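Colleague: Please work out how this folds:
(one chain, ligands or ions: 1)
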Amino acid sequence: MSSTHRQSPSREGIGIAPVTLSRFLIEQQRLPGCPCPAELRLLIETVARACKAIGHAISKGALGDVLGGLGSENVQGEVQKKLDVIANDLLLDANEWGGHLAAMASEEMETIHRIPNRYPRGEYLLLFDPIDGSSNVDVDLSVGTIFSVLRAPEACAGRDVTEEDFLQAGRDQVAAGYAIYGPQTLLVLTIGTGVYEFTLDREVGSWRMTDGPMRIPAGTREFAINMARRRQWSPAISRYIEERIQGAEGPLGIDYNMRWTASMVADIHRILKRGGVFLYPADHRNPGKARLRLLYEANPMSFLIEQAGGAATDGADRIMDLPPVGLHQRVGVVIGDAGEVAAASNRRSAAAATSREIERSLSTPG
Ligand code: FDP
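Modeller: Take a look at the predicted model:
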């Protein structure tokens, strides 16, 4: 926990004045440069409230009749689960009327959702993947909600927001985070001032800070990749994985372990807490063919990972510098420990430079 949020053991012990999400955001609002204006704070609190409702729906499982498919497909041609749609609706309903947003976009919606005229329009754009890892929902493994917040371009004042207004590079995000619905329900957040974890205190109903500023532990020999896609890997990725599989008997002289949950949220959370790297490369025979989405998966996760001292590339270039060309654009992802990302990426200098840049910005006060 950061020194500014440390409590005396006695106050922690009896549970007085915990650092809740609201208190954290209000304190960030008061920092020089105000990294979290009131409107952004209220927006993040609204997203967090919706995540509580999503977590509640998930936890009911078969008893709440929320498991299984709907028999429909989303814009990506993927089978929609009931919970994909429930979570999408919860996020739309919670965020529509607050006056903080100009529009929203989601993995589950073909095009953007403008704020209806009956509500005031705000200055932010919200993107989300309502249930990431949804193939895991029916088998009771961790899933999550990923979100990214952008500023609506000044140019869209006085006209309808368009899809193009969402096509901003990841470095322009003002906030990003995820909720993870696992043994505990957690919210992990950055507004560009480090990464903080909040645990849902179910008895009180509030998010309570339990970690931060988070730093990716160095030297963890763990990689996460879907081995079944091996035929799609570039020579650089194949070499990277092969060296790690050879372990102590190969050129690295050290054993690695593989970890793969098929929920990006859970894999990224493990990396933030314990280190390692996650790879979902594009098909090198057809780079347009990739699994993960840039705007509401790769960009927010890259923002979090970089803020925690790691790096994220598409296998060559920094993800947060990629110019988006479509709302549902897909991208290859190599993300996590900066050294591992550099070793797995073609332009080794790019990832290293990124992590140095972040190190510098985090060590600069204000
Ligand atoms: P899902 O489609 O189930 O929501 O978002 C993409 C994602 O999950 C990631 O969370 C996960 O890493 C990946 O897909 C798993 O996909 P495959 O099983 O096709 O590898």
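
Colleague: what sits against the residue of the stretch 151-300 of the chain found nearest the ligand?
Modeller: With C-beta to the nearest ligand atom as the measure, residue 264 is the residue of the stretch 151-300 of the chain nearest to the ligand, at 3.4 Å. Every residue, glycine included, has its C-beta placed from N, CA and C. Counting by C-beta atoms under 8 Å, 6 or more residues apart in numbering, residue 264 makes contact with 132-133, 144, 146, 278, 280, 292, 297, 301.

Colleague: Tell me which of these fall in strands.
Modeller: 132, 144, 146, 278, 280, 292 (DSSP state E).

Colleague: then stretch 303-315 to CSV, C-alphas only?
Modeller: Output of stretch 303-315 as CSV, limited to C-alpha atoms (Å, rounded to 0.1, in the frame of the first residue of the first chain):
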residue,chain,number,x,y,z
PHE,A,303,-1.8,0.7,-19.8
LEU,A,304,-2.0,-1.3,-16.5
ILE,A,305,1.0,-3.4,-17.2
GLU,A,306,3.2,-0.5,-18.3
GLN,A,307,2.1,1.4,-15.2
ALA,A,308,3.3,-1.5,-13.1
GLY,A,309,6.8,-1.5,-14.8
GLY,A,310,6.1,-4.0,-17.5
ALA,A,311,5.8,-3.7,-21.3
ALA,A,312,3.4,-4.7,-24.0
THR,A,313,4.0,-5.2,-27.8
ASP,A,314,2.2,-6.7,-30.7
GLY,A,315,5.3,-8.9,-31.2
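
Colleague: now it: how far from the chain's centre is it?
Modeller: 11 Å (C-alpha atoms, centre = their mean, to the nearest Å).

Colleague: just stretch 70-85 next, same as before
Modeller: Here the centre of stretch 70-85 is set off from its chain's centre by 21 Å, with C-alpha atoms, centre = their mean.

Colleague: in it, what's buried?
Modeller: 74, 80-85 (16 or more other C-beta atoms under 10 Å).

Colleague: likewise stretch 335-350?
Modeller: 335-346, 348, 350.

Colleague: from the residues you listed, which has minimum pLDDT?
Modeller: Within the buried residues of stretch 335-350, the minimum per-residue pLDDT falls on residue 348 (41).

Colleague: And the helices in this protein?
Modeller: 9-13, 21-29, 38-60, 82-96, 235-246, 264-274, 299-307, 338-344, 348-363 (DSSP state H).

Colleague: among those helices, which is nearest residue 224?
Modeller: Comparison of the helices of the chain against residue 224 by C-beta to C-beta identifies helix 264-274 as nearest, at 4.7 Å.

Colleague: quick one, the closest one and helix 299-307 angle?
Modeller: Relative orientation of helix 264-274 versus helix 299-307 (axes from the mean of the first three to the mean of the last three C-alpha atoms, to 10 degrees): 0 degrees.

Colleague: For helix 264-274, buried residues please.
Modeller: By 16+ other C-beta under 10 Å, the buried positions in helix 264-274 come out as 264-273.

Colleague: Skip the chain neighbours and tell me the closest residue to the residue nearest the centre of the chain.
Modeller: What sits nearest the mean C-alpha location of the chain, by C-alpha atoms, centre = their mean, is residue 301, with 3.7 Å. Excluding the flanking residues, the one nearest residue 301 by C-beta to C-beta, 6 or more residues apart in numbering is residue 268, at 5.3 Å.

Colleague: Around the ligand, which positions in the protein sit nearby?
Modeller: 132-135, 226, 262-264, 291-292, 297 (C-beta under 6 Å from any ligand atom).

Colleague: surely residue 156 meets residue 165?
Modeller: Yes. Counting by C-beta atoms under 8 Å, residue 156 touches residue 165, with 5.0 Å between them.

Colleague: Need the residues touching each of these two.
Modeller: Common neighbours of residue 156 and residue 165 (criterion: C-beta under 8 Å, 6+ apart): residue 102.

Colleague: And for residue 253, the neighbour number?
Modeller: 9 (other C-beta atoms under 10 Å).

Colleague: Check residue 195 too.
Modeller: Residues lying near residue 195 (other C-beta under 10 Å) number 25.

Colleague: Export only the CA atoms of stretch 48-59, formatted as PDB.
Modeller: Coordinates of each C-alpha in stretch 48-59 appear next as PDB, following Å, rounded to 0.1, in the frame of the first residue of the first chain:
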ATOM      1  CA  ALA A  48     -17.200  -0.200 -10.300                       C
ATOM      2  CA  ARG A  49     -20.800  -0.200  -9.100                       C
ATOM      3  CA  ALA A  50     -21.800  -2.000 -12.300                       C
ATOM      4  CA  CYS A  51     -19.000  -4.600 -11.800                       C
ATOM      5  CA  LYS A  52     -20.400  -5.300  -8.300                       C
ATOM      6  CA  ALA A  53     -23.700  -6.100  -9.900                       C
ATOM      7  CA  ILE A  54     -22.000  -8.300 -12.600                       C
ATOM      8  CA  GLY A  55     -20.100 -10.100  -9.900                       C
ATOM      9  CA  HIS A  56     -23.300 -10.700  -8.000                       C
ATOM     10  CA  ALA A  57     -25.100 -12.100 -11.100                       C
ATOM     11  CA  ILE A  58     -22.100 -14.400 -11.900                       C
ATOM     12  CA  SER A  59     -22.000 -15.700  -8.300                       C
END
